[in-house]
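Visitor: Fold the following.
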Amino acid sequence: MIYDLIVIGAGAAGMMAAIRAAEKGNSVLLLEKLPRIGAKLKATGGGRCNLTNTLDNESFMASFGREGRFMMTALEAFDHNALRKFFKNIGVESHAPDGFRVFPVTHSSTTIIRALEEEMRRCGVEVRCGEKVEAIEHNGEHITALRTQYERYTTRHIIIATGGKGYPMLGAEGDGYRLAKSAGHSVTELYPAMMPLHTKESWVSRCRADTIPGVQLVVDLKKHRKLKAKGDLIFTRDGIRGPVVLDFSREITPLLAKMDEVPLRANFTRGMNEEQIREHLDQALAKNPRQNTLELLQTLLPESLARVLCEMTEANVTSGFRKLPGITRDRLIGLLAWTPLTVTGHNGFANAMITRGGIPLKEIDPNTMQSRKIRGLYFCGEVMNLDGPCGGYNLQWSFASGRLAGELRE
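Guide: As a prediction, the model looks like this:
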């Protein structure tokens, strides 16, 4: 049999591409090397599946940085409203409980996978799991076939939707990069991203009980001080995690590839500067003059972190704040405004939710997702050099790019 399209990879992008192509009357084969579809999608958002968010397209693209406008055609055709309508039409209701992040009302990725699986069945998509693509074939101008470990399939269209290298236990081994290179494409440097980070400071292990809201992180290097992020932070046994760290790791891991450590400054007081901190402490003391230094700092920070900062400045926690030496008070307020942290490493792709890097966007037509090197070859999702922050960005992009690739426009 000659297939109109073969999709490689049964993740969010691949399944959406297969559905769209089949809706248009194409014969579609979806190949997945794992025993079942949607393995990484199942783990998305801690299993809750943050499908998308409510940002308008301009703001959404801006969140991806200077390359974000590559998404314009895909998003204009399939934005967050269209995505939610699509899922509603196949039986999945969604909502945005915080007004921003969109989830299925079940808060279960299984709901999404089952609905996509049923829709593929309805559209006539042929799905084969446990079959790894070993090579794609072309005549120098156009796709002709592909080979798996079992057989050779003839087709004039292939969509590579294999994802990146994050979470290799879920099948992400970089197969798409290898296949793209065989068709004449290049691949940028690849870095693990959206992951916890290790720090040199050991005191973080004593502060694991609390989530610190509204933390600001800034790279403390002259050439990179424009790199910053804001969000909730959680301390771990050997470092930091939480939404702000997952987002910021996209910027940190490329720097760690060039240097042994990356110095950061962290503001744990919701962005207050030294003057604002002094005013806050004065007001808190006016309300309760009898509180000691530790109690006073707890009006800004959890007790564990307040104790650490007192130790770092040799401030007596049981003493009244105004009884501390002036230099100690100044140092403490300085640390409250900016606390140094030093990132020394991470766990690599094993703990990376996404991959930074991939097929260069200049080698792909943004209006079709087709390769500029070989006709009939398309890309969608994470395999391309485009990644966004936490909050439904990357999944929306996977669905939108998959939908556009499935149009099979040449």
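Visitor: In the least confident helix or strand in the chain by mean pLDDT, which residues are buried?
Guide: Scoring the helices and strands of the chain by mean pLDDT, DSSP states H and E places helix 39-43 at the bottom, with a mean of 86. Residues of helix 39-43 classed as buried by neighbour count (16 or more other CB atoms under 10 Å): 39-42. (Glycine included, C-beta is placed from N, CA and C.)
Visitor: what's the answer for stretch 91-107, then?
Guide: Using 16+ other CB under 10 Å as the test for burial, stretch 91-107 gives 92, 94, 96, 101-104.
Visitor: One more: stretch 224-233?
Guide: Across stretch 224-233, burial judged by 16+ other CB under 10 Å covers 227-231, 233.
Visitor: hmm, back to that, convert the least confident helix or strand of the chain to CSV, retaining C-alpha atoms only.
Guide: Output of helix 39-43 as CSV, limited to C-alpha atoms (Å, rounded to 0.1, in the frame of the first residue of the first chain):
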residue,chain,number,x,y,z
ALA,A,39,3.6,8.6,26.6
LYS,A,40,5.1,12.1,27.2
LEU,A,41,1.7,13.7,26.8
LYS,A,42,0.5,11.5,29.7
ALA,A,43,3.1,13.1,32.0
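Visitor: Helices along this protein, start to end?
Guide: Assigned by DSSP state H, the chain shows helices spanning 12-23, 39-43, 57-62, 72-77, 80-89, 109-123, 175-182, 243-256, 274-287, 293-297, 303-313, 326-337, 393-405.
Visitor: and the ones you listed as CSV, adding distance to Val262?
Guide: Output for those, formatted as CSV (distance: least, CB to CB, whole Å):
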stretch, distance to Val262
helix 12-23, 31
helix 39-43, 27
helix 57-62, 25
helix 72-77, 33
helix 80-89, 33
helix 109-123, 33
helix 175-182, 26
helix 243-256, 5
helix 274-287, 24
helix 293-297, 27
helix 303-313, 20
helix 326-337, 19
helix 393-405, 23
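Visitor: tell me the contacts of Lys165?
Guide: Contact analysis of Lys165 by CB atoms under 8 Å, 6 or more residues apart in numbering lists 172-174, 190, 192, 349, 352, 355.
Visitor: Quick check, pLDDT for it.
Guide: pLDDT recorded at Lys165 is 88.
Visitor: Surely Leu297 touches Thr313?
Guide: No. The pair Leu297 / Thr313 is not scored as a contact, 10.7 Å apart, by CB atoms under 8 Å.
Visitor: between the two, what contacts are shared?
Guide: Applying CB under 8 Å, 6+ apart, one finds that Leu297 and Thr313 are jointly contacted by Leu332.
Visitor: that older thread, closest to Val219 out of the buried residues of helix 39-43?
Guide: Proximity of the buried residues of helix 39-43 to Val219 (CB to CB) peaks at Lys40, which lies at 29.2 Å.
Visitor: thought that closest one was touching Gly163?
Guide: Yes. The criterion here is CB under 8 Å, and Lys40 meets it with Gly163 at 6.4 Å.
Visitor: neighbours of the closest residue to Tyr393 other than its chain neighbours, just the number please.
Guide: Leaving aside its sequence neighbours, Tyr393 sits nearest to Ser63 (CB to CB, 6 or more residues apart in numbering; 6.0 Å). Per other CB atoms under 10 Å, the neighbour tally for Ser63 reads 14.
Visitor: show me the contacts for Ser63.
Guide: Contacts of Ser63 (CB under 8 Å, 6+ apart): 55, 388-389, 393.
Visitor: Dump the residues you listed into a markdown table; add pLDDT as well.
Guide: Shown next, in a markdown table, are the contacts of Ser63 (pLDDT from 0 to 100):
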| residue | pLDDT |
| --- | --- |
| Leu55 | 98 |
| Gly388 | 93 |
| Pro389 | 92 |
| Tyr393 | 96 |
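Visitor: just curious, which of these is nearest to Leu305?
Guide: Nearest member of the contacts of Ser63 to Leu305, counting by CB to CB, is Pro389, at 24.7 Å.
Visitor: Surely that closest one and Arg250 touch.
Guide: Yes. Contact criterion CB under 8 Å: Pro389 and Arg250 qualify, at 7.3 Å.
Visitor: low pLDDT regions in the stretch 101-250 of the chain?
Guide: Low-confidence segments of the stretch 101-250 of the chain (pLDDT under 70): 167-172.
Visitor: mind listing the strands for it?
Guide: In the stretch 101-250 of the chain, the strands defined using DSSP state E, counting those that start in this stretch lie at 101-104, 126-129, 133-138, 143-148, 152-155, 158-160, 191-193, 197-199, 211-219, 228-235, 239-241.
Visitor: out of Leu297 and Thr313, which sits in the busier spot?
Guide: Taking other CB under 10 Å, Leu297 and Thr313 do not tie; Leu297 has more neighbours (25 against 20).
Visitor: Glu261: neighbour count?
Guide: By the criterion of other CB under 10 Å, Glu261 has 14 neighbours.
Visitor: same deal with the one 3 residues further on?
Guide: Counted with other CB under 10 Å, the neighbours of Leu264 add up to 24.
Visitor: Phe70 too?
Guide: 19.
Visitor: what bridges to Ile158?
Guide: For Ile158, the beta-bridge partners under DSSP bridges are Ile6, Leu377.
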